[in-house]
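Undergrad: no sequence for this one, just the structure:
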Ligand code: GTP
Ligand code: MG
């Protein structure tokens with residue numbers, strides 16, 4: 001069975017949207033296999049976001065992601081990687097379509113990083129790599 005790593009990011013946690021995100025994942029028919037709430041440390045965030053190192057939004061992204069609790073979820077189900085990214089919507093919450101998590105619940109808050117509520121792995125390789133970082 002395919003697995004993906006979903007993170008309800010610190011903005012989602014602060015706004016009380018964790019339950020709403022988990023509700024949508026379950027309503028879609030995916031399974032919550034593991035779940036933990038923690039404030040991500042910068043060392044593991046650097047591993048997680050290695051592909052973005054050097055980009056203008058990298059430092060603001062790590063600052064934002066380490067700013068408070070987030071919920072890490074291993075989600076299971078056939079084609080859940082693709083399926084969750086469709087549920088999440090486009091990276092920019094202003095442009096994300098209504099019906100998606102980011103489109104329904106997100107907006108631009110004028111920050112240096114897009115606070116877009118959720119993360120979802122983008123390939124089977126990323127999913128296994130990311131689950132290994134956070135659920136070691
Ligand atoms: P994730 O599921 O969080 O990985 O989102 P994604 O795959 O849609 O985006 P990507 O992996 O390209 O970028 C990771 C995160 O960096 C995004 O979710 C945003 O929070 C932030 N980000 C990405 N691109 C930009 C950008 O062009 N500008 C700004 N300000 N932030 C960005
Ligand atoms: Mg990504």
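TA: Structure received. Please read these numbers as outputs of a predicted model, since none were measured by experiment. Residues are numbered from 1 along each chain as shown. Ligands and ions are numbered 1, 2, ... in the order given.
Undergrad: Is stretch 88-105 in proximity to ligand 1?
TA: Yes: Stretch 88-105 is in contact with ligand 1 by C-beta under 6 Å from any ligand atom, via residue 91. Where C-beta positions appear, they are placed from N, C-alpha and C, glycine not excepted.
Undergrad: Quick one: residues in contact with that stretch.
TA: Stretch 88-105 is touched from outside by 12, 15, 17, 20-21, 24, 86-87, 106-108, 114-118, 120, with contacts defined as C-beta atoms under 8 Å, 6 or more residues apart in numbering.
Undergrad: Which of the residues you listed are buried, as a ChimeraX select command?
TA: Under the burial definition 16 or more other C-beta atoms under 10 Å, those of the contacts of stretch 88-105 that qualify are selected in ChimeraX by:
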select :12,17,21,24,87,106,114,115,116,117,118,120
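Undergrad: how near is the nearest residue to residue 118 once chain neighbours are set aside to residue 100?
TA: Once flanking residues are discounted, residue 118 sits nearest to residue 88: 5.1 Å by C-beta to C-beta, 6 or more residues apart in numbering. For residue 88, the distance to residue 100 equals 6 Å [C-beta to C-beta, to the nearest Å].
Undergrad: Counting neighbours, go ahead and name the busier of these two.
TA: Between residue 88 and residue 100, residue 88 has the larger neighbour count (other C-beta atoms under 10 Å), namely 23 against 20.
Undergrad: mind checking the backbone torsions on that one?
TA: Backbone torsions of residue 88, given as degrees, to the nearest 10, read phi -70, psi -40.
Undergrad: same question, residue 37
TA: Residue torsions, per degrees, to the nearest 10, at residue 37 are phi -100, psi 130.
Undergrad: how many neighbours does it have?
TA: Using other C-beta under 10 Å as the criterion, the residues surrounding residue 37 number 12.
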